[in-house]
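Student: I would like to see how this sequence folds:
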Amino acid sequence: MRLSAPFLVLCSLLAAAPAGTAQARLDLIPEAGLGLDAPAPLSLHPLPDSLDAGPSPLRTAGVIGFGVGAAGYELVRRQVIDPRAHDAFTVEYDWSYARWADKPGHAFSTALQTRIWAAGYRWAGHDDQTAALLGGATAFAGMLYYEVLDGFDLGVGFSPPDLGANAVGAGLVVAQALVPPLEAVDLKLSYWPSDGNTCDASCDYEGQTAWLTVNPHRLAPVSARDVLPPWLNLAVGYGARDGDVRFGFDESVVYLGLDLELAGLPIRGKVWEALVPWLRMIHLPAPALRLSPDVGVELLAY
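Tutor: Sure, this is the predicted structure:
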């Protein structure tokens, strides 16, 4: 899973924007069946107040310029800050790298970057669907650029499987904007540093668990939504264990469990509404049935 510093800086800037610049939308979900006194789940996307004024060419240029700057930074980082050995362009089909844990990480990383860029384009005044399309294209282009650079790195190589996982992550966020019921499905990640780890969080696969979550409340018929809390998800988790990125991993861990959907909690307030679209991408500790490497129950699977 790869997250470069410029993307994290952009996320921080958007999260710290003044109230009203990137606040969460409070659209009521039609026929939510929650009752008059129960708030509907929050929208999963921040929406800028500047949208009514239409797209701003200056702000749009600023977002695109940030992306160009991020690309330039990555090239300088590889050439000057962290120089790497180069080779002729190579292609590496690394499906099983890190015992398959790398590909869910790529999907999550690109989905996160798509949300970040989409928030930037919404700040620039674009509507939700256009911002998601632009955000997905920008995130995917950035990861494609990263993969091309990898193609010239000695011992790494351009990875079509990585690119496919990146497309899944970006495509999911774009699809959610175009088809709102798909917001019931999402990618999340949990992380706790592994023992003796010498790598950062992006390559400490033993400490990562990737989760695919589904919100039954959003998918259920109207008549059944009263009994399905909007704050509860079902989740499938996967991670690699017992090893490290240098020598490989010996075990896979698979979970079937629960997940807390923060956007469905009856909490309101500008700070919460601004933060929840980002916080909800983290899978918090929750009960789960462990299916592999052995069967068992974990009260706080993470």
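Student: drop to CA atoms for contacts and neighbour counts, all remaining ones
Tutor: Noted.
Student: and Leu234, what does it touch?
Tutor: Counting by CA atoms under 8 Å, 6 or more residues apart in numbering, Leu234 touches Thr213, Val214, Asn215, Pro216, Leu256, Gly257, Leu258, Asp259.
Student: Check which residues of stretch 175-188 are buried.
Tutor: Buried positions in stretch 175-188, judged by neighbour count with 16 or more other CA atoms under 10 Å: Ala175, Gln176, Ala177, Leu178, Leu182, Glu183, Val185, Asp186, Leu187, Lys188.
Student: And for stretch 72-91?
Tutor: For stretch 72-91, the neighbour count (16+ other CA under 10 Å) marks Tyr73, Glu74, Leu75, Thr90 as buried.
Student: Of those, which is the nearest to Leu300?
Tutor: Distance to Leu300, by CA to CA, is smallest for Glu74 among the buried residues of stretch 72-91, at 37.5 Å.
Student: Please name every helix or strand in contact with the strand or helix carrying the closest one.
Tutor: Using DSSP states H and E, Glu74 sits in helix 57-76. If contacts are counted by 3 or more CA pairs under 8 Å, 6 or more residues apart in numbering; DSSP states H and E, helix 57-76 sits against helix 102-123, helix 128-151.
Student: Of all the ones you listed, which one is nearest Arg280?
Tutor: Among the helices and strands packed on helix 57-76, the nearest to Arg280 by CA to CA is helix 102-123 (11.1 Å).
Student: Compute the number of surrounding residues for Glu92.
Tutor: Look at Glu92: counted by other CA atoms under 10 Å, it has 15 neighbours.
Student: just Gly157 next, same as before
Tutor: If you count neighbours by other CA under 10 Å, Gly157 ends up with 21.
Student: Asp294 too?
Tutor: The tally of other residues near Asp294 (other CA under 10 Å) stands at 10.
Student: Now it: phi and psi?
Tutor: phi -140, psi 160 (degrees, to the nearest 10).
Student: picking up where we left off before, in helices, which of the buried residues of stretch 175-188 fall?
Tutor: Using DSSP state H, the subset of the buried residues of stretch 175-188 located in helices is Ala175, Gln176, Ala177, Leu178.
Student: Closest to the centroid, which residue in the chain?
Tutor: Leu112 (3.1 Å; CA atoms, centre = their mean).
Student: pLDDT below threshold where in the chain?
Tutor: Along the chain, the parts satisfying pLDDT under 70 run over 1-52.
Student: Strands of that one, start to end?
Tutor: 23-24, 46-47, 185-191, 208-214, 232-244, 248-260, 286-292, 296-301 (DSSP state E).
Student: Can you tell me which of the helices and strands packed on helix 57-76 is packed in deepest?
Tutor: Stretch with highest mean neighbour count among the helices and strands packed on helix 57-76: helix 102-123 (a mean of 28; mean count of other CA atoms under 10 Å).
Student: Report the separation between Leu291 and Gly171.
Tutor: Distance, Leu291 to Gly171, using CA to CA, to the nearest Å: 29 Å.
Student: rewinding a little: of the contacts of Leu234 - the most surrounded one?
Tutor: Neighbour-wise, the contacts of Leu234 (other CA under 10 Å) top out at Asp259, 27 neighbours.
Student: for it, what are its contacts?
Tutor: Residues in contact with Asp259 (CA under 8 Å, 6+ apart) are Thr213, Leu232, Asn233, Leu234, Ala235, His283, Leu284, Pro285, Ala286.
Student: Kindly recompute the last result at 10 Å.
Tutor: Applying CA atoms under 10 Å, 6 or more residues apart in numbering, one finds that Asp259 lies in contact with 188, 211-215, 231-236, 280, 282-288, 301.
Student: Pull out the buried positions in stretch 234-253.
Tutor: For stretch 234-253, by 16+ other CA under 10 Å, it's 234-241, 243-245, 248-249, 252-253.
Student: Ala111: what's it in contact with?
Tutor: Counting by CA under 10 Å, 6+ apart, Ala111 touches 105, 117, 135-136, 139-140, 165-174, 186-188, 281.
Student: what's the answer for Ala101, then?
Tutor: 1, 95, 205-206, 208-210, 238-241, 249, 252.
Student: Columns distance to Ala274 on top of these, output as JSON lines?
Tutor: Shown next, in JSON lines, are the contacts of Ala101 (distance: CA to CA, whole Å):
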{"residue": "Met1", "distance to Ala274": "25"}
{"residue": "Trp95", "distance to Ala274": "37"}
{"residue": "Tyr205", "distance to Ala274": "29"}
{"residue": "Glu206", "distance to Ala274": "31"}
{"residue": "Gln208", "distance to Ala274": "26"}
{"residue": "Thr209", "distance to Ala274": "25"}
{"residue": "Ala210", "distance to Ala274": "24"}
{"residue": "Tyr238", "distance to Ala274": "29"}
{"residue": "Gly239", "distance to Ala274": "30"}
{"residue": "Ala240", "distance to Ala274": "33"}
{"residue": "Arg241", "distance to Ala274": "35"}
{"residue": "Phe249", "distance to Ala274": "38"}
{"residue": "Ser252", "distance to Ala274": "36"}
